[in-house]
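Student: From the sequence below, what's the structure:
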Amino acid sequence: MLLGSHLSIKDGLHNALLAAGRLGLRTVGMFVRNQVQWRVPPLSDEAVATFRRTRRRLGISPIVAHGSYLVNLAGEPEVRRKSLDATVADLERCGRLGIEYLVLHPGSRADADEGVRLIARAIDEAFARLTCRRPKLLLETTAGMGNAIGHTFEQLAAVLARLRRSRRVGVCLDACHVFAAGYDLRTAAAYRRTMDAFDDTIGLERLRAIHLSDSRHGLGSRRDRHQHIGHGKIGRRGFRQIVNDPRLADVPMILETPREKTADGRDWDVVNVETLCKLVGR
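Tutor: Residues are numbered from 1 along each chain as shown. Sure thing, here's the model as predicted:
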């Protein structure tokens, strides 16, 4: 299991790596800037050097960055323009930092077919503007709240099919999101059906990252509310299937559970890591 967690970049991008090291994690998820602002501050040479030096020392690989929450590549013209600029900026930052993957929520539009077309066109435009070869862009599965695109495997496959540079684009499967979207994970048989559907529709070779979090709400609720591992509607049995799937041994699995402490003051990241590690081999 290649386990990591989405960790804070407060007071420096390299601090996410240091936190991962303290938790004994082999990979990490992180933002590369403030995720709720359009403004993209410059990235200093010193910050890049510190980040790369810290990573080499800790041996953390790969790194899974997450794009801005404001991005909607299927939005109306002004929002779409800002989203495209922000995506290019985030990809360039990842390139300078040596980060392998940037995860992106595909977008939202009432007309899903039009949204798929706009998203694919924007991704092609983004790669045409890039000056770096890294990273790969990963489209995240969504829960299907509102008009979010990506809550069915078919929608993501339709975006991928339209791309000119499809080899630079993969998929990040979010356990909470796919469950909320109606893909069951709770038993061995349900997990097998879901992963077979993914493989048949998108292809497991496209699966480059997984977000691990339980769901506060039930199967098919289409509500994006994350919960700690084993404390939601998916349950430990579902996560046992994921962490023991040999096909996913080299796929980074990033915890995206609520940032809080337990009642007795423990860090929930530690508890969730312990829970997942206990499930391996069972």
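Student: can you tell me the average pLDDT over stretch 252-266?
Tutor: Throughout stretch 252-266, pLDDT has a mean value of 94.
Student: got the CA coordinates for it in PDB?
Tutor: Written as PDB, here are the backbone C-alpha positions of stretch 252-266 (Å, rounded to 0.1, in the frame of the first residue of the first chain):
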ATOM      1  CA  PRO A 252      -0.800   6.500  -4.300                       C
ATOM      2  CA  MET A 253      -3.700   6.400  -1.800                       C
ATOM      3  CA  ILE A 254      -4.200   9.800  -0.200                       C
ATOM      4  CA  LEU A 255      -6.300  10.300   3.000                       C
ATOM      5  CA  GLU A 256      -8.800  13.100   2.600                       C
ATOM      6  CA  THR A 257     -10.600  12.900   5.900                       C
ATOM      7  CA  PRO A 258     -11.700  15.800   8.200                       C
ATOM      8  CA  ARG A 259      -8.900  17.800   9.800                       C
ATOM      9  CA  GLU A 260      -9.600  17.500  13.500                       C
ATOM     10  CA  LYS A 261      -8.600  15.800  16.700                       C
ATOM     11  CA  THR A 262     -10.200  12.800  18.400                       C
ATOM     12  CA  ALA A 263     -12.000  13.200  21.700                       C
ATOM     13  CA  ASP A 264      -8.900  12.200  23.600                       C
ATOM     14  CA  GLY A 265      -6.700  14.700  21.600                       C
ATOM     15  CA  ARG A 266      -5.100  12.300  19.100                       C
END
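Student: Residues in contact with it: which ones?
Tutor: Contact partners of stretch 252-266, identified using CB atoms under 8 Å, 6 or more residues apart in numbering, comprise 1-6, 8, 27-29, 62, 64, 101, 174, 176, 208-214, 226-229, 242-243, 267-269, 271-273, 276. In short, each C-beta sits where N, CA and C put it, glycine included.
Student: And the pLDDT at the closest residue to residue 186 other than its chain neighbours?
Tutor: Spatial nearest neighbour of residue 186, chain neighbours left out: residue 238 (4.7 Å); criterion: CB to CB, 6 or more residues apart in numbering. The per-residue pLDDT reported for residue 238 equals 97.
Student: Residue 238 sits in which helix or strand?
Tutor: If you go by DSSP states H and E, residue 238 is part of helix 235-243.
Student: Show me what that helix is packed against.
Tutor: Here helix 235-243 touches helix 175-181, helix 188-201, strand 207-212, helix 268-279, going by 3 or more CB pairs under 8 Å, 6 or more residues apart in numbering; DSSP states H and E.
Student: try 6 Å this time
Tutor: The contact analysis (3 or more CB pairs under 6 Å, 6 or more residues apart in numbering; DSSP states H and E) places helix 235-243 against helix 268-279.
Student: so the helix it packs on versus helix 235-243, what angle?
Tutor: Helix 268-279 runs at 70 degrees relative to helix 235-243, counting by axes from the mean of the first three to the mean of the last three CA atoms, to 10 degrees.
Student: Tell me the gap between the helix holding residue 238 and the middle of its chain.
Tutor: 18 Å (CA atoms, centre = their mean, to the nearest Å).
Student: which outside residues touch that helix?
Tutor: Outside helix 235-243, the residues that touch it by CB atoms under 6 Å, 6 or more residues apart in numbering are 1, 185-186, 188, 191, 229-230, 276, 279-280, 282.
Student: Show me where this structure has its helices.
Tutor: Remark: helices assigned in the chain by DSSP state H are 14-23, 45-58, 77-97, 112-129, 153-162, 175-181, 188-201, 235-243, 268-279.
Student: As a markdown table, these with distance to residue 250 and mean neighbour count would be great.
Tutor: Formatted as a markdown table, those follow (distance: least, CB to CB, whole Å; neighbours: other CB atoms under 10 Å):
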| stretch | distance to residue 250 | mean neighbour count |
| --- | --- | --- |
| helix 14-23 | 18 | 20 |
| helix 45-58 | 18 | 15 |
| helix 77-97 | 20 | 19 |
| helix 112-129 | 25 | 19 |
| helix 153-162 | 21 | 19 |
| helix 175-181 | 18 | 27 |
| helix 188-201 | 16 | 16 |
| helix 235-243 | 13 | 20 |
| helix 268-279 | 16 | 18 |
